[in-house]
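Enquirer: sharing a model prediction with you, sequence too.
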Amino acid sequence: MLSLMLLPIGSFAQQKDFSYKFYGQVRTDLFYNSRANEETVDGLFYMYPKDKVYDENGKDLNATANGSFYTLYTRLGVDVQGPKLGNAKTSAKVEFDFRGTGTSFSVVRLRHAYLNLDWGKSAVLLGQTWHPLYGDVSPQILNLNMGAPFQPFSRAPQIRYRYKTGDIQITGAAVWQSQYLSQGPDGKSQSYIKNSCVPEIYVGLDYKDANWLVGAGIEMVSLKPRTQATVDGKTYKVDERVTSLSYEVHMKYTSPRWYVAAKSVLGSNLTQTSMLGGYGVKATDSRTGEQEYSPNRNSSSWLNIVYGKKWKPAVFFGYMKNLGTSDAVTKMYGTGTNVDQLVSATAELTYNVPHWKFGVEYNFSSAWYGSLNQSNGKIIDTHSVSNNRLVATALFTF
């Protein structure tokens, strides 16, 4: 079947001015957790420990160890170089893995699919790739969450423009949602941005040289949580919108032996990027049920340090703080809206030779849960819950 899928690509690439390169990986992940956690992909994509839930005898139902072994992040991709379009060099990428969607695993999933026009100083990308907030700075760790929920994590359809002059790069992007979705009254849904008719907007500025990358960015997301509401059995058309701004700064230093990276995000309603947050209801029309909203704000930061070539010890630290809302709210929609703060610390060791990586990683994380202070959206009366996680990975790349 795979050969049949690749036949059209092979014949296409034989044409003049076309070239292609296949690449991929076979990856295995073995993991163990000391308790139940907020997670996706049946625990492969780990977020943070769940709160305590007690049974009739006062025992914590979530204090149960779990673990498994998967190969779902095995992947295959192709890079295509095409003929010039005017003065622009053309290229494209298609990449997929077997993560599936929702609760369906071991099913082919699209990761990247885009075309790129490059004029040298400027370039336009059309298609699905990493969200601009994920950007060019991310942790080098074994956990497949790549630092989430401290690091924004999402691949999204987008129109992206980049302009380079010397060591300076300017990025502008319009971003939509596909596999990673915003939270709202109906849970995760594409309808909030679809009905908004306004894409996410990102603008960023970077300084790059041989060793350093330093930059910052601003993101705006504007959603329509609902288009209708029901009050006393009567349905009304409503016009609701929640708009928020988020800010991030990042840095990365690379050398033959060192990798040091960090990022800090002042986020507002970034649930579509695997981060905590959302928005609260600040006012409700008693007749139509139309609601007004106040975005929740979170401050998230992480630091990653890696040393070595063949043997690479590494550490990762992450911290998130719930900063609440600008207005009084009655209830919240989002992810982790009852979490006041998160702390994560990771130590790992990997063995790296051409095409192969073997590694083990230990992660300790704590979440502080509490109740909503409706006057400012913050979390009070907190208690902490912790998890210990072990990961062992074998990776073959080609």
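Expert: Okay, I see it. Numbers count the residues shown, from 1 in each chain.
Enquirer: do a quick rundown of the helices in this structure.
Expert: Along the chain, counting by DSSP state H, helices occupy 2-13, 191-196.
Enquirer: which stretch in the ones you listed has the least confidence?
Expert: Note on these: lowest mean pLDDT is at helix 2-13, with a mean of 49.
Enquirer: ok, residue 100 touching residue 110?
Expert: No. Taking contacts as CB atoms under 8 Å, residue 100 lies outside contact range of residue 110: 11.1 Å. Backbone N, C-alpha and C define where each C-beta goes, glycine included.
Enquirer: which parts of the stretch 151-300 of the chain are strands?
Expert: 155-165, 168-175, 200-208, 212-223, 228-231, 234-237, 242-254, 258-268, 277-284, 291-307 (DSSP state E, counting those that start in this stretch).
Enquirer: save those strands as JSON lines, and put in distance to residue 148 and mean pLDDT too.
Expert: Putting the strands of the stretch 151-300 of the chain into JSON lines (distance: least, CB to CB, whole Å; pLDDT from 0 to 100) gives the following:
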{"stretch": "strand 155-165", "distance to residue 148": "12", "mean pLDDT": "98"}
{"stretch": "strand 168-175", "distance to residue 148": "17", "mean pLDDT": "98"}
{"stretch": "strand 200-208", "distance to residue 148": "17", "mean pLDDT": "98"}
{"stretch": "strand 212-223", "distance to residue 148": "16", "mean pLDDT": "98"}
{"stretch": "strand 228-231", "distance to residue 148": "33", "mean pLDDT": "96"}
{"stretch": "strand 234-237", "distance to residue 148": "36", "mean pLDDT": "97"}
{"stretch": "strand 242-254", "distance to residue 148": "14", "mean pLDDT": "98"}
{"stretch": "strand 258-268", "distance to residue 148": "11", "mean pLDDT": "98"}
{"stretch": "strand 277-284", "distance to residue 148": "12", "mean pLDDT": "97"}
{"stretch": "strand 291-307", "distance to residue 148": "10", "mean pLDDT": "98"}
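Enquirer: of all the ones you listed, which one is nearest residue 95?
Expert: strand 155-165 (9.6 Å; CB to CB).
Enquirer: nearest residue to the middle of this structure?
Expert: Centroid check for the chain by CA atoms, centre = their mean gives residue 153 as the closest residue, at 1.2 Å.
Enquirer: in this structure that one contacts residue 273, no?
Expert: Yes. In this structure, residue 153 is within contact of residue 273 by CB under 8 Å, at 6.1 Å.
Enquirer: intersection of neighbour lists for those two?
Expert: Shared contacts of residue 153 and residue 273, defined by CB atoms under 8 Å, 6 or more residues apart in numbering, are found at 131, 134, 180.
Enquirer: which of these has the most neighbours?
Expert: residue 131 (24 neighbours; other CB atoms under 10 Å).
Enquirer: give the contact list for the closest residue to it other than its chain neighbours.
Expert: Closest residue in space to residue 131, ignoring its immediate chain neighbours: residue 154 at 4.0 Å, by CB to CB, 6 or more residues apart in numbering. Contacts of residue 154 were listed using CB under 8 Å, 6+ apart, and they are 130, 131, 133, 134, 180, 272, 273, 274.
Enquirer: any chance of the backbone angles for residue 17?
Expert: When read as degrees, to the nearest 10, the backbone of residue 17 gives phi 70, psi 10.
Enquirer: among the contacts of residue 154, which one sits closest to residue 34?
Expert: residue 274 (22.3 Å).
Enquirer: who are the neighbours in contact with that closest one?
Expert: 47, 145, 148, 149, 152, 153, 154, 180.
Enquirer: which residues touch the nearest residue to residue 229 once chain neighbours are set aside?
Expert: Take residue 229 and drop its neighbours on the chain: the residue closest to it by CB to CB, 6+ apart is residue 289, 3.2 Å away. Applying CB under 8 Å, 6+ apart, we find residue 289 in contact with 229, 230, 231, 236, 238.
Enquirer: report the buried members of the residues you listed.
Expert: Among the contacts of residue 289, those scoring as buried are 229, 238 (criterion: 16 or more other CB atoms under 10 Å).
Enquirer: need the contacts of residue 289 in TSV with distance to residue 141, can you?
Expert: Below are those laid out as TSV (distance: CB to CB, whole Å):
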residue	distance to residue 141
229	43
230	46
231	48
236	48
238	43
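Enquirer: correct me, but residue 316 touches residue 302?
Expert: Yes. Between residue 316 and residue 302 a contact is recorded at 6.7 Å, counting by CB under 8 Å.
Enquirer: any common contacting residues for the two?
Expert: Joint contacts of residue 316 and residue 302 (CB under 8 Å, 6+ apart) are 139, 147.
Enquirer: quick check: which ranges of the protein have low pLDDT?
Expert: For the chain, applying pLDDT under 70 flags the ranges 1-15.
Enquirer: can you rerun that using 80?
Expert: Scanning the chain for pLDDT under 80 picks out 1-16, 102-103.
Enquirer: which residue is the nearest non-sequential neighbour of residue 328?
Expert: residue 375 (5.1 Å).
Enquirer: quick one, phi/psi of the one you found?
Expert: According to degrees, to the nearest 10, residue 375 has phi -70, psi -30.
Enquirer: pretty sure it contacts residue 326?
Expert: No. Using CB under 8 Å, residue 375 makes no contact with residue 326, being 11.4 Å away.
Enquirer: between these two, who's got more neighbours?
Expert: Neighbours were counted for residue 375 and for residue 326 using other CB under 10 Å; residue 326 has more, 15 against 12.
Enquirer: and the closest residue to that one other than its chain neighbours, what is it in contact with?
Expert: Spatial nearest neighbour of residue 326, chain neighbours left out: residue 294 (5.6 Å); criterion: CB to CB, 6+ apart. By CB under 8 Å, 6+ apart, the contact list for residue 294 reads 242, 279, 280, 282, 325, 326, 327, 329, 377.
Enquirer: same question, residue 326
Expert: With CB under 8 Å, 6+ apart, residue 326 has these contacts: 294, 295, 297.
Enquirer: just grab the bridge partners of the nearest residue to the second one once chain neighbours are set aside for me.
Expert: Yep, that's residue 295 we're talking about. Leaving aside its sequence neighbours, residue 295 sits nearest to residue 244 (CB to CB, 6+ apart; 3.8 Å). Residue 244 has these beta-bridge partners by DSSP bridges: residue 221.
Enquirer: residues in contact with residue 244?
Expert: 220, 221, 222, 268, 269, 279, 295.
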